[in-house]
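1. Okay, structure incoming, though there's no sequence with it:
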Ligand code: NAX
């Protein structure tokens with residue numbers, strides 16, 4: 001018997017969606033036993049481009065793609081959905097303060113949170129990619145009355161994947177030897193890629209690499225600035241790798257985590273590690289195939305504690321700038 005899933009994607013005519021939608025429709029995300037309905041959501045000016053994307057999806061003749069609904073209306077877009085992948089947002093433009101960016105995006109994620117609460121299926125899960133993704137997820141969550149807060153996630157997986165590859169390259173091993181890589185805090189330049197608890201071939205990464213200065217310096221800054229390096233090289237921001245990280249993230253939520261390992265997701269803090277309750281915070285998490293929980297009991301030295309304090313402070317600041325949208 002075939003299973004069914006209904007997925008809403010916002011920003012569906014954008015560049016990340018252009019890589020993502022074909023992987024969803026082919027069955028790569030939800031499996032070959034699951035028929036997919038795609039609710040593609042865009043703003044009015046992008047509807048024509050969206051029709052072009054839908055034409056290409058049609059032209060793939062994907063056997064698992066049951067139907068598509070194109071709309072700029074949130075009631076239609078979120079009707080009965082099991083997953084909301086919130087990619088569409090307004091990028092920072094020259095001269096725009098971070099505060100302006102937060103309020104512009106608040107205008108997107110508040111109504112989306114409300115509409116998800118009203119129209120989505122009762123098992124809905126919401127995954128936020130559009131930046132600033134942690135705080136956008138917080139805004140959606142706070143406006144989605146009745147949807148449990150542990151159904152909301154923001155993406156730190158691209159950072160995790162970037163960090164794993166840097167560790168693999170430095171130690172000269174294949175990337176699948178790297179495990180236990182967590183990104184703490186904000187998906188921004190204050191994030192902390194936690195090399196202290198990462199492992200290479202099951203051994204502490206620090207021991208294998210044997211170069212603490214590189215880990216504290218070049219490693220962290222390479223991961224933090226990777227987005228900018230891609231823009232510099234490619235002339236536009238990460239798209240296929242971001243779509244890939246969405247596939248990894250969503251699968252990691254509904255698939256049990258490999259024994260002994262963990263993955264990175266920004267979830268609603270319950271106060272773990274002293275992080276203020278309610279922040280949408282990047283943590284190491286494990287899934288039992290149904291829900292995720294934060295891995296507790298990891299230790300950090302002063303360097304890591306300071307890095308985590310800094311990213312916590314940034315997220316607390318973002319929350320205070322959108323306080324009127326979340327109360
Ligand atoms: P694009 O500008 O190519 O696409 C965004 C699309 O969103 C546009 O087609 C636009 O019309 C649409 N949109 C805007 N407002 C909307 C609304 N209210 N409802 C529905 N659609 C709306 O950007 P793209 O490169 O696809 O990136 C999308 C977002 O992902 C950006 O905010 C970007 O910063 C963020 N990213 C987040 C990452 C993460 O790790 N969390 C990494 C990749 C990416 O940078």
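-> Sure, I can see it. Keep in mind that this is a model prediction, so the values were computed, not measured.
2. from the stretch 1-150 of the chain, which residue is nearest to the ligand?
-> Here the stretch 1-150 of the chain gets closest to the ligand at one residue, residue 14, 2.0 Å apart by C-beta to the nearest ligand atom. In short, each C-beta sits where N, CA and C put it, glycine included.
3. Return the distance of that residue relative to residue 135.
-> 20 Å (C-beta to C-beta, to the nearest Å).
4. And those two? Which one has more around it.
-> More crowded of residue 14 and residue 135, by other C-beta atoms under 10 Å: residue 135, with 32 against 23.
5. which residues in the protein form helices?
-> Remark: helices assigned in the chain by DSSP state H are 15-25, 47-59, 74-78, 98-119, 133-142, 157-171, 205-209, 212-214, 220-224, 226-234, 240-254, 302-321, 323-326.
6. With respect to burial, which of those scores highest?
-> helix 133-142 (a mean of 27; mean count of other C-beta atoms under 10 Å).
7. Tell me the helices and strands packed up against it.
-> Where contact means 3 or more C-beta pairs under 8 Å, 6 or more residues apart in numbering; DSSP states H and E, helix 133-142 is packed against strand 83-86, helix 98-119, strand 125-128, strand 152-154, strand 263-268, strand 280-287, helix 302-321, helix 323-326.
8. would you turn those into JSON lines with mean pLDDT and distance to the ligand?
-> Supplementary listing: the helices and strands packed on helix 133-142 in JSON lines, determined by pLDDT from 0 to 100; distance: least, C-beta to the nearest ligand atom, whole Å:
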{"stretch": "strand 83-86", "mean pLDDT": "98", "distance to the ligand": "8"}
{"stretch": "helix 98-119", "mean pLDDT": "90", "distance to the ligand": "4"}
{"stretch": "strand 125-128", "mean pLDDT": "98", "distance to the ligand": "8"}
{"stretch": "strand 152-154", "mean pLDDT": "98", "distance to the ligand": "7"}
{"stretch": "strand 263-268", "mean pLDDT": "98", "distance to the ligand": "9"}
{"stretch": "strand 280-287", "mean pLDDT": "98", "distance to the ligand": "10"}
{"stretch": "helix 302-321", "mean pLDDT": "97", "distance to the ligand": "14"}
{"stretch": "helix 323-326", "mean pLDDT": "90", "distance to the ligand": "15"}
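9. Please tabulate the ones you listed in JSON lines and include distance to residue 251 as additional columns.
-> As requested, the helices and strands packed on helix 133-142 are arranged in JSON lines below (distance: least, C-beta to C-beta, whole Å):
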{"stretch": "strand 83-86", "distance to residue 251": "12"}
{"stretch": "helix 98-119", "distance to residue 251": "21"}
{"stretch": "strand 125-128", "distance to residue 251": "11"}
{"stretch": "strand 152-154", "distance to residue 251": "12"}
{"stretch": "strand 263-268", "distance to residue 251": "10"}
{"stretch": "strand 280-287", "distance to residue 251": "9"}
{"stretch": "helix 302-321", "distance to residue 251": "25"}
{"stretch": "helix 323-326", "distance to residue 251": "29"}
